[in-house]
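Visitor: Sequence plus the predicted model coming up.
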Amino acid sequence: MSNTHYIKNKFVVLIAGPTAVGKSHVAIHLASLLNAEIFSADSRQIFKEMDIGTAKPSIEELASVKHHFINNVSIEDNYSVGRYESEIRQALELYFVDHDIAIVCGGTGLYIKALTDGIDYFPDIPLQVVEDYNLKLENEGLGALLAELEMLDPKYYTIVDKHNSRRIIRALSVIKVSGTSYTAFLVKESKQESPYNFIPILLELPRNILYDRINQRVDLMLGLGLEDEAKQLYPKRHLRALDTVGYREFFDYFEHKTDYNTALEMIKQNSRRYAKRQMTWFRKYGDWTIFSPDDLGAMLQFILEKRQ
């Protein structure tokens with residue numbers, strides 16, 4: 001039996017969806033029934049120092065099923081999607097020596113796509129190009145950058161976080177240096193054959209229910225000490241990892257740019273916006289089967305049928 005054929009008998013269940021939809025609960029339940037381990041696809045839960053604001057599984061949940069790619073690196077590390085792709089492929093290769101099925105769970109679309117499709121590597125960007133766009137941001141505002149992005153890459157414009165100036169400048173810089181769209185680096189013309197059989201599951205809830213869950217989760221985070229966690233991380237607020245909903249709003253509060261109640265409302269509002277962007281991403285990329293997070297029996301049946 002060739003190595004490729006051997007790997008082809010291995011299955012990866014993808015559990016994706018917006019923040020607060022219940023991905024971790026579903027993944028842990030299914031992992032327990034399938035005797036599988038969980039590989040996180042969350043670009044923030046991978047950092048050791050960020051616990052409450054990233055809604056990591058609890059100590060009890062982490063102990064109930066083995067998890068990978070949670071608490072792996074420090075926020076001081078410049079962790080990238082390219083590094084994630086390399087590391088998760090290596091981890092799965094080792095894992096599948098003794099297992100037949102794994103669960104990859106998370107809401108970071110680029111991480112999931114890196115695993116399923118691989119990634120194209122971006123060109124090196126001269127510092128001057130980035131500085132020029134930062135100067136344009138300062139002089140003309142974010143609207144000018146968005147207008148340029150919409151003209152040069154309308155497809156990426158529809159899904160980019162329009163409040164994230166760093167991400168917008170990154171896209172414009174790649175376009176300027178490469179002479180092609182940023183989307184061309186995100187979507188390969190022809191997918192590489194994956195060494196695994198993927199079983200993609202997308203969790204969805206009615207918007208009003210999801211937004212209620214988001215608000216409740218933020219309240220729970222506050223009760224668990226999110227403000228204190230943000231205060232401890234405040235001296236390192238310049239790090240890219242901390243440009244994250246739940247932290248940056250408190251950083252503004254600490255700097256007296258806003259009041260406490262406004263900061264809390266902005267965390268909830270930005271979390272809802274983030275959830276909406278996640279769903280836009282997942283619907284655009286990938287061939288998903290959609291389930292409610294409560295349909296655990298139906299999901300298990302779906303997985304078992306796909307394994308046959």
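Guide: In hand now; what should we look at?

Visitor: Tell me who's in contact with His25.
Guide: Pro293 (Cβ atoms under 8 Å, 6 or more residues apart in numbering). C-beta: built from backbone N, CA, C; applies to glycine.

Visitor: in a strand, that's where it is, yeah?
Guide: No - judged by DSSP: H, G, I helix; E, B strand; the rest coil, His25 forms no part of a strand; its state is helix.

Visitor: Can you read off the pLDDT for it?
Guide: Looking at His25, its pLDDT reads 97.

Visitor: Then the one 3 residues further on?
Guide: Listed pLDDT for Ile28 reads 98.

Visitor: Can you give me every residue that contacts it?
Guide: Here Ile28 is in contact with Ile38, Pro57, Glu61, Ser64, Val65 (criterion: Cβ under 8 Å, 6+ apart).

Visitor: Find the nearest non-adjacent residue to Ile75, please.
Guide: Ala241 (4.1 Å; Cβ to Cβ, 6 or more residues apart in numbering).

Visitor: So the one you found versus Trp281, what's the distance?
Guide: Going from Ala241 to Trp281 by Cβ to Cβ, to the nearest Å gives 20 Å.

Visitor: List the contacts of stretch 249-262.
Guide: With Cβ under 8 Å, 6+ apart as the criterion, stretch 249-262 contacts Leu226, Glu227, Ala230, Lys231, Tyr234, Arg237, Leu242, Ala263, Leu264, Met266, Ile267, Asn270.

Visitor: likewise stretch 288-301?
Guide: 16-17, 21-23, 25-26, 29-30, 33-34, 200-205, 282, 302.

Visitor: The spatially closest residue to Phe69 that is not a sequence neighbour bridge partners, please.
Guide: Take Phe69 and drop its neighbours on the chain: the residue closest to it by Cβ to Cβ, 6+ apart is Ser40, 4.2 Å away. Taking DSSP bridges as the rule, Ser40 bridges to Cys105.

Visitor: Per-residue pLDDT of Ser40, please?
Guide: Confidence score, pLDDT, at Ser40: 98.

Visitor: Report the contact partners of it.
Guide: For Ser40, the contact set (Cβ under 8 Å, 6+ apart) comprises Ile46, His67, His68, Phe69, Ile70, Val104, Cys105, Gly106.

Visitor: Pick the one among the residues you listed closest to Val160.
Guide: Distance to Val160, by Cβ to Cβ, is smallest for Gly106 among the contacts of Ser40, at 19.6 Å.
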